[in-house]
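Chemist: what's the 3D shape of this:
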Amino acid sequence: MDYRLLNGKPRATLIQRFDGSAVLIGPEARKLEFDCAVTLHEIQAKADQVGWVVAIEHLHKEREGRTG
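Modeler: Residues are numbered from 1 along each chain as shown. Predicted coordinates:
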């Protein structure tokens, strides 16, 4: 299966847990874990650093407001 978007970067899914932490799941089920204090901008920067793009977000409203 091809996980890349048109720009060539693999897609990742960002999920916020009920405790406020978050997990970014990329290709081949590779996961990056984040604690409650990390902002959405920092998560997107880390995804870019590993060559992914956040394609789907499952976030609570309070984290969506934390954009840096």
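Chemist: hang on, isn't Glu57 packed against Leu14?
Modeler: Yes. Look at Glu57 against Leu14 with Cβ atoms under 8 Å: they come within range, at 4.7 Å. Placement of C-beta: from N, CA and C, glycine included.
Chemist: quick one, which of these two is more surrounded?
Modeler: Higher neighbour count among Glu57 and Leu14: Leu14, with 21 against 17, using other Cβ atoms under 10 Å.
Chemist: how about the contacts made by that one?
Modeler: Residues near Leu14 by Cβ atoms under 8 Å, 6 or more residues apart in numbering: Ala22, Val23, Leu24, Ile25, Ile43, Ala47, Val54, Ile56, Glu57, His58, Leu59.
Chemist: what do you get for His60?
Modeler: By Cβ under 8 Å, 6+ apart, the contact list for His60 reads Gln16.
Chemist: which parts of this structure are strands?
Modeler: Applying DSSP state E to the chain gives strands spanning 11-16, 22-25, 31-34, 53-58.
Chemist: want to throw these into CSV with mean pLDDT?
Modeler: Formatted as CSV, the strands of the chain follow (pLDDT from 0 to 100):
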stretch, mean pLDDT
strand 11-16, 93
strand 22-25, 96
strand 31-34, 97
strand 53-58, 86
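Chemist: looking at the contacts of Leu14, spot the one nearest Lys9.
Modeler: Distances from Lys9 to these, taken as Cβ to Cβ, are shortest for Ala47 (8.7 Å).
Chemist: could you count how many residues lie near the closest one?
Modeler: Neighbours of Ala47 (other Cβ under 10 Å): 21.
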